[in-house]
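1. Next comes the sequence, and after it the predicted model I'd like to discuss.
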Amino acid sequence: MQNVYLAIVLAPLLAAIVAGLFGRQVGRAGAHTVTILGVAISFVLSAWVLWGLLAGSIQPYNGTVYEWAVVDGVRLEVGFLVDRLSALMMTVVTFVSLCVHVYTIGYMHDDPGYQRFFSYISLFTFAMLMLVMANNFLQLFFGWEAVGLVSYLLIGFWYKKPSAVHANMKAFLVNRVGDFGFLLGIAGVLFWFGSLDYATVFERAPAVAGTQVSIFAGSSWSVLTLVCILLFIGAMGKSAQVPLHVWLPDSMEGPTPISALIHAATMVTAGIFMVARMSPLFELSTTALSVVLVIGATTAFFMGLLGLVQNDIKRVVAYSTLSQLGYMTVALGASAYAAGIFHLATHAFFKALLFLAAGSVIIAMHHEQDIRKMGGLRRYLPVTYWTALLGSLALIGFPGFSGFFSKDAIIEAVHHAELPGAGYAYACVLAGVFVTALYSFRMFFLVFHGEERFDAPTRSHLHEPPLVVTGPLVALAVPSVVLGWLAMEAVLFGGFFGDAIFVLPENDTLAALAGTAGTATAMLAHSVVTPTLWLALAGLATAWFLYLKRPDLPGRIAARLATPRQVLEQKYYFDAVNEHLLAPLARGLGGLLWRTGDGAIIDGALVNGSARLVGWLSGVVRRLQSGYLYHYAFGMFIGLGLILAWLVLGIGRG
Amino acid sequence: MSSSFPILSVLVWLPILGGLAVLAIGDQRAALARPVALAIAVLTFLASLPLWTGFDRDTAAMQFTERAPWIAAFDAWYHLGVDGISMPLILLTTFITVLVVIAGWEVIRTRPAQYLASFLVLEGVMIGVFAAVDALLFYVFWEAMLIPMFIIIGIWGGARRVYATLKFFLYTFLGSVFMLVALIYLRIESGSYDILAMHQQPLGMNAQVLIFLAFLAAFAVKVPMWPVHTWLPDAHVEAPTGGSVILAAIMLKMGGYGFLRFSLPITPDASQSLDWLLIGLSLVAIVYIGFVALVQQDMKKLIAYSSIAHMGFVTLGFFLAWRIIANTGGMDGIVMGLQGGMVQMISHGLISGALFLCVGVLYDRMHSRDIAAYGGVANTMPVFAAFMVLFAMANAGLPGTSGFVGEFLVILASFKASFWYALLAGTTLVLGAAYTLWMVKRVLYGEVANERVAALADVNRREFLVLAVLAVAVLLLGVWPAPLIDVMATTLEALADHVVQSKL
């Protein structure tokens, strides 16, 4: 089996190398053929593995590929752990990646960096697969940083654009802040568990659970709380949780296909996946779970609000992504890991769909992204319209669509959670449902319905993009609609993940749900008595009323609510603080240390100062050597006198 | 193990004598001097390979030893040998020198033969430093090393080269004078200049502290550690590209090597009682210098400061032993710190060398090191940009490159000593990425900044070759560091066992 797993990761890697290093030789068609082939191989094999694991014909695999190094008795390895959790991730990643590869043929058709782009997205697929297939923390960190690298390269793909190269550096640095915590967490794992191998670490977790450590004098921390929070800081960077979320909206400067692949469907879910993978550790620390819960809930609600005031079509979807990542994180905090991963999977499909639909609109509109300049596109882009509608319904959790099952499960799980902060989290995720429906359909109506707000030349060019663009939309729409219905019972309540996810019995919020909403039909029926459904419908209705029925109202409401609007438009001032306070502070400190520390004190006073001292001394000495005999004689007399005096006085004292 | 064929002597003397031959060919016949110099460098590199293939990984003893009487009056011996610490450093030296010779090919127009000869002589002397087992021999090579570098910066350097060379010379010379005193004292105590005998020599605490400080003066300047680091940015800025590469890639490693060869094994108790100083200065280097690097406007200065911060990991990893024992009660992690420091030295040799070569490629075309003079270089030099991004990422410690390995191991080891050491060292993840990528952004990205950038030609085949070779080395070491780590393991384990034994 190891060869199959190797083929799954190496096929995209080799394709990326061919397209990247030999792009000129293989040409455009060669580049997209080889990379699509590579990812297709990965997808088919991943799906086959997932099927086999579910059917029981393939056993979970945990094995070493090669030994990276053995240092001080610690074995650092590259190896695979393929169980149902990783197989599900592999299948989702490769499927979305495949769709995006095909879509890119159309989207990047005229771009001079065509081969480079295919090389990057294939390389990304490789890195993401390495991440989800890791069986140890070292490789996890490898994949973790590698996807960050490709994200950096892709956000800055149009490297001439100042906003793009600002965004990619910002993304990398903010992620590095998260990785800083993550790496410390890994170091803590090695320190207290004596290994970086998942299986060994999880096995030792109960034994380590009681260990305390004093970080600050006088305070005592549970080792697991410390390690889990450090690891979660990494997840906050990668999965864009408040306050490390600032990079994700800016990442929209990159080409749209990668917004779909990396910044919606896959890479940003790495943090969610990681916490689920580490469930045997997180379960043992209530404090850490509480932190996860509160951070996730905050992100889910407050980032959703920002979606209401955005006018760039991609940024609306980006804030929606932030909010949905918050939902997944909340699920983790509520120990509903299965629901979190389920939402990750359904979200991957409908959010990739929404991004690609947005991309389709952008192509049709000749790279116009402002939704205020759109409207009525339904007539011109029927395929995009219908697929975007399905995606939006899935996103707001309309009953029966995939997002409904995954999101409802999360909300109900939070309802049953008893951690500190659970009440706050429940309020946030409920309010978030209304907000989600409102911003989603605000955008939907502004883009596809209502009056046409663009000029005649644009209208004359408006037409549905080619099949390579619409094909992936349809391919993604299918799981967006049906996946929830088909899979919810198995994933949420059927022990789908087997041993891959560990939940303490007293934390098992999903089990509490099984009674009332254990099947798809039961959940649908149950939803009528929960506020969730009605909040979603209310949001949809409000959007319809404000943006189709009474389009004059939003402007008047905005004028009334100037201050809250200002806060939202400034994105709660996170960027302002980072760019006008923290960055100048760091540069200022650097300048101060350099000019004062290195310049004035070390070089000025000490180095050149001692040189000047030597120079001055030699000047004095030179003056003594005047060449006049009587000067020397005089000096000798004084010296003799001094020596005599010293001798006499010294002897006298002795 | 004594070998019949004197490989180490060949490695020391072939480049020195070859350098003299190149000198004799003269600048007028540069067309002949260049291939001869290259042939000598390549031959030396090939001759160094048997050190790797024939190396016995199971012993910490000196290998490939050669011993002959040298100065009978002082009982000084011409005694050479290598162990797991010096062997990789010698290979690094022979490898980098080949690249430096190629990199200077048609770029150096004034006195090309003398330029190449200086580097060849320097190579032989540096190998001598790593291979010497006799302290006096070591000292002679150590001081001799200054002369070619002094000449390289002084003749082929930039506008302020006189200030830079004097600063460089005085700083390092002042440091090494103290070392000489310490070595003479040790000669008197142990009765021989044999470094291995010095390792076994019992010493009182006062003597150890004084000797330790004397060594520190010499090695801290070379590393360089904060606050005796200010010569490095000046020297780098004024040095020609090849000089910067050798300085960063190899000469800085002399300091780290000195700590492992002299300070730790000869004065373990002083190392223990003064480890707070070394750890403190290392952390200052990582954090303080990280901020300083952030505001540099000159590419070479930025990489120079980055070097200081990266070398902070080396010294941090070397001096963790006693804190680990105090915190955990065990020895697990000591070797990891030593390994991390060593890997960091080799890796930094490759990465900083590559970055200085990148700056050289730009400087040869634009005659400016000023970041502000560039912008949008990726438009006109895409291949070069790809290399530079790779090396920048390696400099930022990206996993899969060699830059990650050393930092990772040192951070893991320092966590065992103290959470706070790991936390401070870990700031490099953010700071290192910030200063490196900010430079990349300003130099490579954006629209073409001016006509001079618009007129840039991408790397030629010679430049491509040099950068590609380094890229392969950086990636290989990052993806599979096991061979390097294994070759050092036995020696470093023995060193760890040795340093935790009190000599009092």
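-> Everything's here; your move.
2. does any part of the helix or strand containing B:Thr94 sit near chain A?
-> Using DSSP states H and E, the element containing B:Thr94 is helix B:86-103. No: Helix B:86-103 stays clear of chain A (C-beta under 8 Å from any C-beta of the partner chain), getting no nearer than 14.1 Å. (Each C-beta comes from the backbone N, C-alpha and C, glycine too.)
3. Show me what the next helix or strand after that helix is packed up against.
-> Going down the chain from helix B:86-103, the next helix or strand is helix B:112-131, by DSSP H and E. Here helix B:112-131 touches helix B:7-25, helix B:30-53, strand B:76-82, helix B:86-103, helix B:135-144, helix B:146-156, helix B:241-246, helix B:252-258, going by 3 or more C-beta pairs under 8 Å, 6 or more residues apart in numbering or on different chains; DSSP states H and E.
4. switch the cut-off to 6 Å
-> Helices and strands touching helix B:112-131, by 3 or more C-beta pairs under 6 Å, 6 or more residues apart in numbering or on different chains; DSSP states H and E, are helix B:7-25, helix B:30-53, helix B:86-103, helix B:135-144, helix B:146-156.
5. Return the most buried member of the ones you listed.
-> Of all the helices and strands packed on helix B:112-131, helix B:86-103 carries the top mean neighbour count, a mean of 24, counting by mean count of other C-beta atoms under 10 Å in any protein chain shown.
6. State the mean pLDDT of it.
-> What helix B:86-103 shows for mean pLDDT is 95.
7. what's in contact with that helix?
-> Helix B:86-103 is contacted from outside by B:37-38, B:41-42, B:44-45, B:48, B:51, B:55, B:119, B:123, B:126-127, B:130, B:242, B:245, B:249-250, B:253, B:346, B:349, B:353, B:357, B:466, using C-beta atoms under 6 Å, 6 or more residues apart in numbering or on different chains.
8. Which positions in stretch A:307-321 come out as buried?
-> Buried residues in stretch A:307-321, counting neighbours by 16 or more other C-beta atoms under 10 Å in any protein chain shown, are found at A:307-310, A:313-321.
9. what residue ranges in the chain score low on pLDDT?
-> No chain in the question, so chain A it is. For chain A, the stretches flagged by pLDDT under 70 are A:650-654.
10. The intended chain is chain B.
-> B:1-3.
11. any idea which residue of it is furthest from its center?
-> In terms of distance from the mean C-alpha position of chain B, B:Glu451 ranks first, at 37.4 Å (C-alpha atoms, centre = their mean).
12. Tell me both backbone torsions, phi and psi, for that residue.
-> Main-chain dihedrals, B:Glu451, degrees, to the nearest 10: phi -60, psi -30.
13. Kindly report the same for the one 4 residues further on.
-> Reported as degrees, to the nearest 10, the phi and psi values for B:Ala455 are phi -90, psi 0.
14. now B:Pro69
-> Dihedral angles (degrees, to the nearest 10) for B:Pro69: phi -60, psi 140.
15. so what's the nearest residue to it once chain neighbours are set aside up against?
-> Nearest residue to B:Pro69, sequence neighbours excluded (C-beta to C-beta, 6 or more residues apart in numbering or on different chains): B:Trp77, at 6.3 Å. When contacts are counted by C-beta under 6 Å, 6+ apart, B:Trp77 touches B:67, B:70, B:134.
16. rerun at 7 Å
-> By C-beta atoms under 7 Å, 6 or more residues apart in numbering or on different chains, the contact list for B:Trp77 reads B:67-70, B:134, B:193.
17. Need the residues you listed in JSON lines (columns: neighbour count).
-> As requested, those are exported to JSON lines (neighbours: other C-beta atoms under 10 Å in any protein chain shown):
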{"residue": "B:Arg67", "neighbour count": "15"}
{"residue": "B:Ala68", "neighbour count": "10"}
{"residue": "B:Pro69", "neighbour count": "10"}
{"residue": "B:Trp70", "neighbour count": "16"}
{"residue": "B:Asp134", "neighbour count": "24"}
{"residue": "B:Tyr193", "neighbour count": "26"}
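18. about what we covered before: between the helix holding B:Thr94 and helix B:112-131, how big is the angle?
-> Interaxial angle of helix B:86-103 relative to helix B:112-131 (axes from the mean of the first three to the mean of the last three C-alpha atoms, to 10 degrees): 170 degrees.
19. Alpha carbons only: can I get helix B:86-103 in PDB?
-> Taking C-alpha atoms only, helix B:86-103 is exported to PDB below (Å, rounded to 0.1, in the frame of the first residue of the first chain):
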ATOM      1  CA  SER B  86      36.000  19.300  11.500                       C
ATOM      2  CA  MET B  87      35.400  17.000   8.600                       C
ATOM      3  CA  PRO B  88      32.100  18.500   7.400                       C
ATOM      4  CA  LEU B  89      33.600  22.000   7.800                       C
ATOM      5  CA  ILE B  90      36.600  21.100   5.600                       C
ATOM      6  CA  LEU B  91      34.200  19.800   3.000                       C
ATOM      7  CA  LEU B  92      32.200  23.000   3.200                       C
ATOM      8  CA  THR B  93      35.400  24.900   2.600                       C
ATOM      9  CA  THR B  94      36.500  23.000  -0.400                       C
ATOM     10  CA  PHE B  95      33.000  23.100  -1.900                       C
ATOM     11  CA  ILE B  96      32.500  26.900  -1.400                       C
ATOM     12  CA  THR B  97      35.900  27.700  -2.700                       C
ATOM     13  CA  VAL B  98      35.200  26.100  -6.100                       C
ATOM     14  CA  LEU B  99      32.000  28.200  -6.300                       C
ATOM     15  CA  VAL B 100      33.900  31.400  -5.400                       C
ATOM     16  CA  VAL B 101      36.500  30.800  -8.000                       C
ATOM     17  CA  ILE B 102      33.800  30.300 -10.600                       C
ATOM     18  CA  ALA B 103      31.800  33.300  -9.400                       C
END
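20. Give me the helices and strands touching the helix or strand containing B:Lys441, please.
-> Applying DSSP H and E as the criterion places B:Lys441 in helix B:428-444. In terms of contacts (3 or more C-beta pairs under 7 Å, 6 or more residues apart in numbering or on different chains; DSSP states H and E), helix B:428-444 is packed against helix A:162-193, helix B:275-294, helix B:299-318, helix B:377-380, helix B:382-395.
21. Packing partners of the longest one?
-> Helices and strands touching helix A:162-193, by 3+ C-beta pairs under 7 Å, 6+ apart, are helix A:137-155, helix A:198-208, helix A:223-238, helix A:247-250, helix B:402-417, helix B:419-426, helix B:428-444.
22. Could you name the helices and strands sitting against the helix or strand following the fourth one?
-> This means helix A:247-250. Scanning forward in sequence from helix A:247-250 by DSSP H and E, the next helix or strand is helix A:256-260. On a contact count with 3+ C-beta pairs under 7 Å, 6+ apart, helix A:256-260 meets helix A:84-107, helix A:337-364.
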